[in-house]
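Participant: Here is a sequence together with a model predicted from it:
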Amino acid sequence: MDDPVSIANLKQRMQWEQERGGPPSGFPALPPLPPGRYTDQAFFDLEKKHLWSKVWLYAAHVSQLQDPGSFVLLDIPGAPVFLIRDRDGEVRAFYNVCSHRGAPLVRDACGQAAVLRCTYHQWSYNTKGELLGVMEERDFPQPFDKSMLGLVTVRCERWGGFIFVNEDPNAKPLLDWLGMIVHEFEQFEIDTLRPAAIKSYTLECNWKLTMDAFLEVYHIKGIHPQTVGPALDHRGAVMGLLPNGHTRMTCPTNMPPAQQRELRGYGDKNRNGMPTVAAGEIARNYHVSHNIFPNVITPVGETARQFLMFWPISLTRTRVEVVHFGRDWGDGERPEGWNALLAFWEIVMAEDLQFLEWQQKAVLSPSFRGYRLSYMERRIYYAHEAIDQAIGIEHIPEHLRVEPRLADYVEKPEDHAAEPLRRSGAIS
Ligand code: FES
Ligand SMILES: [Fe+2]
């Protein structure tokens, strides 16, 4: 994405998208998504069993686990997991489940502990999860092998400072699974980022409605007329479908960065002390947002990158979490510019989230005939295809499946530079 051929290709492609009279020739009509995908408990249960318990999920940033013994309790629905930096400096993930009768070892959102003590009957563990002490050990059948009763490990791997967990011991390594994302993010120097704020919103709707809302820019003139709408030219947006369900959106902007800062109300020319996030030519001059499958949408701006995440609490309840990352500002409080940026984000988030609970009622209603998607909204269709692939199409009742249509439009590492245009019909 940041080599000369890819840059030229993306610029040419944005122009082509702006000027096209319709979808590229041969682009398939996308069948409406079945409403049951958002309303059927059986589908939700399939997601839980085959998707959430087998995929890499963002857990925390390494700066939240600075010293040996520092821990973070994760809030991943259905996965009682915590992270801890062990005494040798390695970050580990464990189920927050005492080997005696399942009480939690960690109850605070974060903290520091040299020894993890279950407060129910006082079994204790070290930072490597090994069982150290059992109260009244004499009452258990002897000999009692404590080495078999350590905390159960969860896979935990790092991409720069981002820590991901995966409950599936057989999943491919995180960096392999991220694939092209890793290469594309080299320009962003993600090691220089750190979280400046975390916000949470709970909505009465299925998690996929929240995900869908951030996978397209078709809506920006409708619901963001005074915020991000004027800055972006949605007609030129280029959607990159990447392997493993990940995607990229590149959208032309109508305004130079200084004017955009003005519109957002958070910028003097020094950005109120906020250091600039590293980025290559495309990300500096256009709006770029990736989807790390299944539940991270990560737009990048001049001074911040967000991880927007969608966590299913139940079939019709979702927690949307936004982690705001900025370039490390050094010692002391975060720069003043963050206050205005976060205030602006609150307005934009309220705009983005406003219809989701209405849509949940709509998909439940007999009047709803299917969830219709245009060419410009194809990232949504692709994400749903990837969900079905993760579940295994054979497990999904026929009336809830998404018919695969987009396999021919997925970019591959080897044809990264040239293929998107060729596949779109923009070049031959
Ligand atoms: S449940 Fe932890 S010591 Fe009993
Ligand atoms: Fe939006």
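Facilitator: Structure's in. What do you need? Ligands and ions are numbered 1, 2, ... in the order given.

Participant: which residues in the stretch 201-350 of the chain form helices?
Facilitator: 207-213, 220-223, 257-264, 281-285, 337-353 (DSSP state H, counting those that start in this stretch).

Participant: Would you mind listing the buried residues in the helix or strand following the last one?
Facilitator: In the C-terminal direction, the helix or strand that comes right after helix 337-353 (DSSP states H and E) is helix 356-364. Of the residues in helix 356-364, those scored as buried under the neighbour-count criterion (16 or more other C-beta atoms under 10 Å) are 356, 359-360, 363. All C-beta atoms are positioned from the backbone trio N, CA, C, and that covers glycine.

Participant: same check, this time on stretch 191-206
Facilitator: Quick answer for stretch 191-206 (16+ other C-beta under 10 Å): 193-197, 201, 203, 205-206.

Participant: which ones among these come in contact with ligand 1?
Facilitator: With the criterion set as C-beta under 6 Å from any ligand atom, no member of the buried residues of stretch 191-206 is near ligand 1.

Participant: Of these, which belong to strands?
Facilitator: Taking DSSP state E as the definition of strands, the buried residues of stretch 191-206 contribute 193-197, 201, 203.

Participant: Tell me the spacing between the most centrally placed residue in the chain and ligand 1.
Facilitator: Nearest to the mean C-alpha position of the chain, by C-alpha atoms, centre = their mean, lies V296 at 0.9 Å. In this view, V296 and ligand 1 are 33 Å apart by C-beta to the nearest ligand atom, to the nearest Å.

Participant: do R107 as well
Facilitator: For R107, the distance to ligand 1 - C-beta to the nearest ligand atom - is 12 Å.

Participant: In contact with that residue, which residues?
Facilitator: L73 (C-beta atoms under 8 Å, 6 or more residues apart in numbering).

Participant: what's the answer for the one 4 residues further on, then?
Facilitator: By C-beta under 8 Å, 6+ apart, the contact list for G111 reads 70-71.

Participant: beta partners for it?
Facilitator: On the basis of DSSP bridges, G111 is bridged to F71.

Participant: what's the pLDDT at it?
Facilitator: Confidence at G111, expressed as pLDDT, is 98.

Participant: Is L263 in contact with P230, as I believe?
Facilitator: Yes: the pair L263 / P230 is scored as a contact, 6.5 Å apart, by C-beta atoms under 8 Å.

Participant: which neighbours do the two share?
Facilitator: In contact with both L263 and P230: M255, using C-beta under 8 Å, 6+ apart.

Participant: what sits against L131?
Facilitator: L131 neighbours (C-beta under 8 Å, 6+ apart): 99, 123-125, 146-147, 149-151.

Participant: Actually, L356.
Facilitator: Here L356 is in contact with 203, 205, 209-210, 213 (C-beta under 8 Å, 6+ apart).

Participant: what's the neighbour count on A304?
Facilitator: 22 (other C-beta atoms under 10 Å).

Participant: Excluding chain neighbours, give the residue nearest to D388 in space.
Facilitator: V402 (5.3 Å; C-beta to C-beta, 6 or more residues apart in numbering).

Participant: The one you found and Y381 touch, don't they?
Facilitator: Yes: in this structure, V402 is within contact of Y381 by C-beta under 8 Å, at 7.0 Å.
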